[in-house]
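> take this sequence and fold it.
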Amino acid sequence: MTRELYDPYDEALWADPYPLYRRLRDEHPVYHQRDKDFYVLSRFADIYAVARDPARFSSAQGLTFEPDEIATLGLPPTFIMMDPPRHNVLRKLISKAFTSNRVHRLEPGIRAFVRQRLDRIATLGQCDLMAELASPLPTYVLAELLGVPESDRARFDPWSYAITTAAVDGAFKLSQAIGAVQSLFAYFGRKITEAREAPGDDLLSGLTLAEVDGQRLSDWDILGFCFVMIAGGNDTTAHQIGHAAAMFAERQDVRRALLEDPTLIPNALEEVLRLESSVQGLCRTTTCEVELHGQRIPKGSKVHMLFGAGNRDPREFGPTAEELDIHRPLRRHLAYSQGPHWCIGAHVARLEARVALEELLLRMPDYQVDTARAKRIPSAFTRGYEVLPFRA
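Residues are numbered from 1 along each chain as shown. From the prediction side, this is the model:
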């Protein structure tokens with residue numbers, strides 16, 4: 001059997017996927033992965049177009065190249081696995097409660113939390129930055145948004161890890177992933193009931209009260225949103241913070257520029273996210289036969305949008321596409337996807353990452369990281385550090 005050029009479960013690929021991504025872009029812009037029978041897109045323009053074309057590329061059959069993941073994991077009808085018009089209705093209802101104002105009211109608390117974590121890191125001297133700052137921060141923010149008491153927040157990370165690393169070694173780790181999904185649903189099912197009976201000022205209560213044109217969110221709709229936030233927003237934000245800390249440590253000129261002008265940090269973080277996309281790729285399913293670059297893609301095929309490859313495409317970002325440039329004028333990138341499924345939590349992730357790096361650079365301007373001893377998360381879909389050795 002011929003070895004597949006692109007094997008999403010190859011540990012060597014997880015360590016450094018970018019040489020292969022370059023080859024895919026240049027030689028195989030539409031690559032048919034025959035082992036699992038899906039098609040891989042690696043050029044920015046193709047991925048951008050597919051993400052914005054739900055009529056021909058549907059989200060309703062799941063977001064991975066694994067068959068029937070929705071039924072396998074027992075997922076609710078979450079809006080990220082729906083197409084318009086139903087997707088648009090649910091997104092509008094969720095947006096009614098999940099506003100930028102609600103998120104940005106959290107900034108003082110986020111800054112205080114980051115400073116407390118940095119106090120602890122300063123005392124430790126050496127630590128794992130992921131465990132001490134990058135991972136606890138999104139857990140804190142999601143818990144604050146959803147009204148989860150501090151005593152319950154330790155559950156988030158194991159749920160998120162079990163779900164995002166479910167597809168390893170070519171097969172689902174079903175017991176861990178299904179167990180995590182069931183536990184998440186049971187917990188938030190109780191929280192939704194409590195919010196309906198006695199609404200508070202948290203996002204979960206806001207979702208139970210949201211109404212647009214006489215339509216309301218069901219418990220299943222809200223559970224689907226909770227799944228998206230925990231499974232899709234917890235680890236990914238932590239990965240962005242870890243990548244930013246590592247990149248800024250490796251480039252003294254970049255660190256100096258950010259220290260001299262902190263207003264550069266937001267754009268620098270977008271550039272980090274472009275270069276090291278927390279979500280490396282997601283799938284759509286063709287609703288009709290499609291031809292692209294002379295390759296016929298049959299109806300009903302999974303098409304993997306390789307965001308991590310598209311975000312380094314020189315056809316979109318020029319000859320320095322694979323270099324860190326914190327002054328790069330970024331009109332668009334794929335790290336939050338595009339089109340109707342553009343990440344609904346992007347404003348939360350941006351706030352968390354900005355505050356974390358502002359405070360880290362201010363408090364520990366000479367920090368060091370040891371990427372040689374870092375450990376990558378074992379995932380075919382997300383990219384980030386599981387362990388990142390850090391010295392204050």
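> C-alpha from now on. contacts and neighbour counts both.
Will do.
> span of stretch 359-376 from start to end?
25 Å (CA to CA, to the nearest Å).
> quick one: contacts of it?
14-15, 111, 114-115, 118, 245-246, 249, 255, 259, 383-392 (CA atoms under 8 Å, 6 or more residues apart in numbering).
> for the chain, which helix is longest?
helix 174-197 (DSSP state H).
> and the following helix or strand past that one, what does it pack onto?
For helix 174-197, the following helix or strand on the C-terminal side (DSSP states H and E) is helix 203-209. In terms of contact count using 3 or more CA pairs under 8 Å, 6 or more residues apart in numbering; DSSP states H and E, helix 203-209 is assigned the packing partners helix 86-97, helix 136-146, helix 174-197, helix 219-227.
> for residue 162, which non-adjacent residue is spatially closest?
Leaving aside its sequence neighbours, residue 162 sits nearest to residue 177 (CA to CA, 6 or more residues apart in numbering; 5.1 Å).
> neighbours around that neighbour, how many?
By the criterion of other CA atoms under 10 Å, residue 177 has 23 neighbours.
> tell me which other helices or strands the longest helix of the chain touches.
Using 3+ CA pairs under 8 Å, 6+ apart: helix 174-197 touches helix 69-73, helix 156-164, helix 203-209, helix 219-227.
> pLDDT of it, averaged?
Here helix 174-197 scores 87 as its mean pLDDT.
> and that helix, how far out from the chain's middle?
Between the centre of helix 174-197 and the centre of its chain there are 21 Å (CA atoms, centre = their mean, to the nearest Å).
> just the buried residues of that helix, please?
For helix 174-197, a neighbour-count test (16 or more other CA atoms under 10 Å) marks 176-178, 180-181, 184-185, 188-189, 191-192, 195-196 as buried.
> in CSV: these, plus distance to residue 150.
Shown next, in CSV, are the buried residues of helix 174-197 (distance: CA to CA, whole Å):
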residue, distance to residue 150
176, 24
177, 24
178, 24
180, 19
181, 21
184, 16
185, 18
188, 15
189, 18
191, 14
192, 17
195, 17
196, 21
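> which of those lies closest to residue 66?
Checking the buried residues of helix 174-197 against residue 66 by CA to CA gives residue 177 as the nearest, at 13.8 Å.
> against residue 279, how distant is the closest one?
Residue 177 is 18 Å from residue 279, by CA to CA.
> what pairs with the strand or helix carrying residue 39, parallel or antiparallel?
Residue 39 is part of strand 38-41 when elements are defined by DSSP H and E. The strands beside strand 38-41 in its sheet (DSSP bridges) come out as strand 30-33 (antiparallel), strand 302-305 (parallel).
> thought the residue nearest to residue 162 was touching residue 163?
Yes. Between residue 177 and residue 163 there is a contact at 5.0 Å, judged by CA atoms under 8 Å.
> now do the shared contacts for the two.
With CA under 8 Å, 6+ apart, residue 177 and residue 163 have no common neighbours.
> where does the stretch 151-300 of the chain have low pLDDT?
Low-confidence segments of the stretch 151-300 of the chain, defined by pLDDT under 70: 165-175.
> out of the helices and strands packed on helix 203-209, the one nearest residue 333 is which?
helix 86-97 (21.4 Å).
> could you say what helices and strands the next helix-or-strand element following that closest one packs with?
Using DSSP H and E, the helix or strand that follows helix 86-97 towards the C-terminus is helix 100-104. Using 3+ CA pairs under 8 Å, 6+ apart as the contact test, the elements touching helix 100-104 are helix 346-363.
> the helix it packs on to helix 136-146, inter-axis angle?
140 degrees (axes from the mean of the first three to the mean of the last three CA atoms, to 10 degrees).
> show the subsequent helix or strand relative to helix 346-363.
strand 368-369.
> average pLDDT for that following strand?
98.
> strand partners (parallel or antiparallel) of the helix or strand following that strand?
Sequence order places strand 375-376 as the next helix or strand after strand 368-369, per DSSP H and E. Strand 375-376 has its sheet partners listed here by DSSP bridges as strand 385-387 (antiparallel).
> ok so, going back, who wins for proximity to residue 270 among the helices and strands packed on helix 203-209?
helix 136-146 (17.4 Å).
> the closest one: how far from the chain's middle?
15 Å.
> go on, stretch 49-60?
The answer for stretch 49-60 is 19 Å, by CA atoms, centre = their mean.
> buried residues in it?
So, applying 16+ other CA under 10 Å, buried residues of stretch 49-60: 50-52, 54, 56-60.
> got it, and stretch 26-37?
For stretch 26-37, by 16+ other CA under 10 Å, it's 28-33.
> in CSV: these, plus pLDDT and distance to residue 369.
CSV is the format used below for the buried residues of stretch 26-37 (pLDDT from 0 to 100; distance: CA to CA, whole Å):
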residue, pLDDT, distance to residue 369
28, 98, 36
29, 98, 35
30, 98, 37
31, 98, 36
32, 97, 38
33, 96, 36
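> what's the distance between residue 104 and residue 98?
Taken as CA to CA, the span from residue 104 to residue 98 is 11 Å.
> more crowded one of these two?
Shown here are residue 104 and residue 98; by other CA under 10 Å, residue 98 has more neighbours (22 against 15).
> now the more buried one: how far from residue 191?
Distance from residue 98 to residue 191, by CA to CA: 17 Å.
> go on, residue 342?
Taking CA to CA as the measure, residue 342 falls 27 Å from residue 191.
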